[in-house]
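Provided below for reference: sequence and predicted model.
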Amino acid sequence: MRPDVALDVRETSHTSAGMLAYVRALRAWLPRVAPDLTLAEFGRGDNFDVAEQAGMPAELLRLRPRLVHFPTPYVPRFIPVSHVVTVHDLIDLEFPQYAKARVGPYWRRIVGPVLRSARAVITDDESTVGLLEQYLRVDPARVRVVPLGVDAPEATAPPAVRSRPYLFYAGNHRPHKDLRTLVDAWAGLPGGVTLDLVLTGVDDAALTATRGDAGELVFLGERTEAEIWAHHRGAVAYVQPALREGFGLPILEAMRSATQVIASETAVPDVLRAFADTYPAGDVVALRALILASATAGASERAAVAERARAATAYLTWERTARATADVYRELLG
């Protein structure tokens, strides 16, 4: 039977942790929330290879879906059926100084034409709509904003316990994450403030700093999902210093853990902005002031603010994301 929607389910070498979470959530939830749609999973090979550029179009000709959804921007240049593509961010085009030389041409020559020919483009946040038009000439009228979600553990594990209070950051260490600003803001705190800075990932020589007995810079390495949730719950605050995020799932995870969020203004999606303490991206002094205020606030005061954010963001689940995505399918299928 001809499927209504074919979903590219590849987990490739270039898909980020956030992209992987998105693909897996769609695979898990779409069959449950859209039983009226016939779904088919497809996709093989890695990115930029023959299987992607030639094999996937051939597979689509065989499947003949009414619509195909590519949940990442890693797409064949020529797609022989109606298609929708998800673009989470345009960080490589906004900050080309941090990307490899071939990345910009790939976006403009491969991804751009595919997006302009798509029935719709899905993105996570309103801020990306204008960027799609600016960098890739995508008509804003064809962009659909579908915020991401998280599924917080039902039986929440106890918070991580460390010898000192700590700030937490979860994510990669790519330059646009601007972790240097975070480290410098933390390292410059007054000596009387006892506070560690805990980062996921391996030791990074470019981020070395010390506060003597007042705090330690800690690299956690790779951790399980449960351990990440525990560290969110145990933190004084979660800090996201990135110059840009498409959505920033760890921000939502922290809010769902009832933990205060401090983030750069350009790292917070619109749906979460009211619940984060923000500062101008790259401003070490402003970030340090927010960290200091958090570290010296009473625990009950912090908890009350964080609990309001937790309750207000409870609707942002992966089920909701899948339902909104299925609504886009139905709109396009008519």
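Looks like it came in fine.

report all helices and strands that the lowest-mean-pLDDT helix or strand in the chain contacts.
Using mean pLDDT, DSSP states H and E, helix 299-312 stands out as the lowest-scoring helix or strand of the chain, at a mean of 88. Applying 3 or more CB pairs under 8 Å, 6 or more residues apart in numbering; DSSP states H and E, we find helix 299-312 packed against helix 249-256, strand 260-264. All C-beta atoms are positioned from the backbone trio N, CA, C, and that covers glycine.

mind listing residues that contact the shortest one?
Translated: strand 260-264. 178, 236-243, 248, 251, 254-255, 268, 272, 275-282, 287, 290-291, 294, 302, 305-306, 309 (CB atoms under 8 Å, 6 or more residues apart in numbering).

show me what that strand pairs with in its sheet, parallel or antiparallel.
strand 237-240 (parallel), strand 277-279 (parallel) (DSSP bridges).

point out where the protein drops to low pLDDT.
For the chain, applying pLDDT under 70 flags the ranges 154-156.

ok, 80 please
When residues are selected by pLDDT under 80, those of the chain lie in 154-157.

just to revisit the earlier point, out of the strands paired with strand 260-264, deepest packed?
Comparing those by mean neighbour count (mean count of other CB atoms under 10 Å), strand 237-240 ranks first with a mean of 26.

using CSV, write out every CA atom in that one.
The C-alpha coordinates for strand 237-240 follow below in CSV (Å, rounded to 0.1, in the frame of the first residue of the first chain):
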residue,chain,number,x,y,z
ALA,A,237,21.5,26.8,37.9
TYR,A,238,21.9,25.5,34.4
VAL,A,239,23.8,27.9,32.2
GLN,A,240,23.6,28.0,28.4
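
hang on, the earlier thing: take the helices and strands packed on helix 299-312 and write them to TSV, including mean neighbour count and distance to Phe42.
Output for these, formatted as TSV (neighbours: other CB atoms under 10 Å; distance: least, CB to CB, whole Å):
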stretch	mean neighbour count	distance to Phe42
helix 249-256	26	25
strand 260-264	26	37
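
figure out which of the ones you listed is closest to Leu197.
strand 260-264 (12.1 Å; CB to CB).

between the helices and strands packed on helix 299-312, which one is nearest to Asp125?
That would be helix 249-256 among the helices and strands packed on helix 299-312, by CB to CB, at 11.3 Å.

report the inter-axis angle for the closest one versus helix 299-312.
110 degrees (axes from the mean of the first three to the mean of the last three CA atoms, to 10 degrees).

counting by contacts, list what helix 249-256 packs against.
Going by 3+ CB pairs under 8 Å, 6+ apart, helix 249-256 lies up against helix 225-234, strand 237-240, strand 260-264, helix 299-312.

now with 10 Å?
helix 17-33, strand 166-169, helix 225-234, strand 237-240, strand 260-264, helix 299-312 (3 or more CB pairs under 10 Å, 6 or more residues apart in numbering; DSSP states H and E).

which residues in the stretch 101-250 of the chain form helices?
Ranges of helices within the stretch 101-250 of the chain are 103-106, 112-117, 126-136, 179-187, 225-234, 249-256, based on DSSP state H, counting those that start in this stretch.

quick one: distance of the longest one to the chain centre.
Relative to the centre of its chain, helix 126-136 is centred 17 Å away, using CA atoms, centre = their mean, to the nearest Å.

now the shortest one
Here helix 103-106 is found 21 Å from its chain centre; the criterion is CA atoms, centre = their mean.

what does the fourth one give?
Put simply, helix 179-187 sits 21 Å off its chain's centre (CA atoms, centre = their mean).

measure how that helix sits relative to strand 260-264, angle-wise.
If you take the same axes, to 10 degrees, helix 179-187 sits at 130 degrees to strand 260-264.
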